[in-house]
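Participant: please work out how this folds:
(one chain, ligands or ions: 1)
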Amino acid sequence: MSIYRVFFHRLRRFPGPVLASVSKLWHVAHCLDSKNHILLEKLHNEYGDFVRTGPSELTIFTPDVIPAMFEGINNTFTRPAWFDTSRPYSGLTNERDTSIHNHRRRVWDQAFTSKAVRNYEVQVKAYADQLEQLIAQSEGQLVVANQYFQWFGFDVMGQVAFSKDFNMLRGAQWHSAIKVFRDGLAILGPLTPVPWLMRIGSDTPGGSNDLKAMIKWAIQQMDARMKLEVDQPDVSHYLIDWSRKNNTLKEDMDTLRGDALSLTVAGSDTVALTLIYLFYRLARHPEELQKLQTELDGLEDVSDFSALQHAEHLNGIINETMRLHPATLTGNHRETPPEGAMISGRFVPGNIVICSPRYIIGKRKYFAHAGQYAVWLGRKALLTRLSKLVESCFEQAKEFIPERWYSKPEMIKNKSAYAPFALGRYVCIGKTLALQEMRCVTALLASKYDVSFPPGEDGRSVEEDTLDQFTSSPGELRVIFRARQKRLEPKPRSM
Ligand code: HEM
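Facilitator: Residues are numbered from 1 along each chain as shown. All right, here's what the predicted structure looks like:
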């Protein structure tokens, strides 16, 4: 089998570590520290734009891979076996069958109309105020801010998804169930390259207990929610209501429980971690914070969601944070259609798992065309000699420059490299809500506080200690929030 995989397999011409082409266990052995994003960056530097990272898996670093995999509602790339991890509880984030996914997506769409999202904004604002009050209590003192943003993300999700208040911000402490959930996500760090190992673990008595506990917890949330009457529709309301109206509640139970897991994973952690990186960036770049404060000082009301939608620097900061620190660093794999596909001028055979690591693509440099041939020949030495790092998708790609998203568009050379919410059929359904949450918290805190690292620290451990646990898990954000001294008068409202 090993000889077949190395010398005769359809991917034999793609370069990569030989043992990776023999078994995915090679990848697990190299991800025990949950640093898959760093491993893939090294493989990119060593082998180029197409790297064989498994017997039937390619990791592709060209920006074109993103539209190829995701763009277009009729895109023929599918979700690979990794998405079966939580079966039989298959929610929207995990559904692999495209016709079932299309149907479930229509059900979910009702929970994310503009009107529905406007109703959730009341909850977002209430929890943002609680977050601000918590920060006010430790004003001028060193805090590890990660937990504040995590509590915000989970409190909002609890309310918006299940009409449940986890009370973490108000109580200033972790809810025990959320700890279970966080531990469940941690196992995805080392095991994510081999979905079958995760499944064996979760199907075996005593194996992958954290993952099982996480799934069990999500099931309990949906089961409890079904017994609840609510005045204000939450996301679960639309999902349960659809099944009730169609008399399919019994058959839909596993799907609804899977949806609870989808909501929890997709809807809380992603927002929280992005806010952690965003405030890390504001502390590292005080000049950007200052520009943001000037912009916010010009608004009549910093909690006006429609005004924040048009605040250019605020939105530039959010985009730039997600470019440099995407919520999924290496995840969201896809499988090529049976007939194969052309990606960046190369034919990739059918039923091959493709990984497109946003973390690297967002700040990569192109290999010159000659490099492509060198990769094809699979000669490392030749690759090094012939390929030239000629151009990046983003000018000064490693720098934090929010203006590239509004006043300096010439600094974006290839927009395909940026898709933090994905595209096409599987595009993030919670994108509008997520952006509203991030705008609301950032505007509220930045308008009231300066944020800085404690003396002698540069905060880099936020990045350096980041773990790739399917979602990104940032290192400790140790910062001091200090009340701002000066606030300019708001601009008079134009008639
Ligand atoms: C910064 C915040 C967020 C980011 C960066 C993000 C990113 C993503 C990405 C990349 C996907 C595509 C996954 C795939 O390709 O399989 C996705 C899907 C999804 N997201 Fe988000 N997300 C965020 C917030 C949210 C929120 C707040 C919710 C809901 C309350 C949410 C719910 C979902 C769901 C349900 C899907 C699955 C969509 C489908 O398969 O049709 N996300 N998200």
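Participant: shaky segments in this structure?
Facilitator: For the chain, residues meeting the criterion pLDDT under 70 lie at 184-185, 187-211, 365-391, 486-495.
Participant: and the longest helix for the protein?
Facilitator: Criterion DSSP state H: the longest helix present in the chain is helix 114-137.
Participant: near the ligand, which residues of the stretch 51-200 of the chain show up?
Facilitator: Counting by CB under 6 Å from any ligand atom, the positions of the stretch 51-200 of the chain adjacent to the ligand are 92, 93, 105. In short, each C-beta sits where N, CA and C put it, glycine included.
Participant: secondary structure element holding the residue nearest to residue 252 when sequence neighbours are not counted?
Facilitator: Take residue 252 and drop its neighbours on the chain: the residue closest to it by CB to CB, 6 or more residues apart in numbering is residue 243, 4.2 Å away. Residue 243 is part of helix 235-245, with elements assigned from DSSP states H and E.
Participant: now residue 104
Facilitator: Using DSSP H and E, residue 104 falls within helix 98-109.
Participant: for that helix, name the packing helices and strands.
Facilitator: helix 235-245, helix 253-264 (3 or more CB pairs under 8 Å, 6 or more residues apart in numbering; DSSP states H and E).
Participant: out of those helices, nearest to residue 21?
Facilitator: Proximity to residue 21 (CB to CB) singles out helix 253-264 among the helices and strands packed on helix 98-109, at 33.0 Å.
Participant: can you tell if the closest one touches the ligand?
Facilitator: Yes: applying CB under 6 Å from any ligand atom, one finds helix 253-264 touching the ligand at 262, 263.
Participant: got the contact list for that helix?
Facilitator: If you take CB atoms under 8 Å, 6 or more residues apart in numbering as the criterion, helix 253-264 is touched by 86, 88-95, 104, 108, 157, 161-162, 181, 214-215, 217-219, 221-223, 225-226, 235-236, 239-240, 243.
Participant: now the angle from the helix holding residue 243 to helix 98-109?
Facilitator: Orientation check (axes from the mean of the first three to the mean of the last three CA atoms, to 10 degrees): helix 235-245 against helix 98-109 gives 120 degrees.
Participant: mind listing what's buried along helix 235-245?
Facilitator: By 16 or more other CB atoms under 10 Å, the buried positions in helix 235-245 come out as 235, 236, 237, 238, 239, 240, 242, 243.
Participant: please apply the same query to stretch 243-252.
Facilitator: By neighbour count with 16+ other CB under 10 Å, stretch 243-252 contains the buried residues 243, 252.
Participant: measure it end to end?
Facilitator: With CA to CA, to the nearest Å applied, stretch 243-252 spans 7 Å between its terminal residues.
Participant: what residue in this structure comes nearest to the ligand?
Facilitator: Nearest to the ligand in the chain, going by CB to the nearest ligand atom, is residue 430, at a distance of 2.2 Å.
Participant: can you pull the contacts of that residue?
Facilitator: The neighbours of residue 430, taking CB under 8 Å, 6+ apart as the test, are 112, 266, 267.
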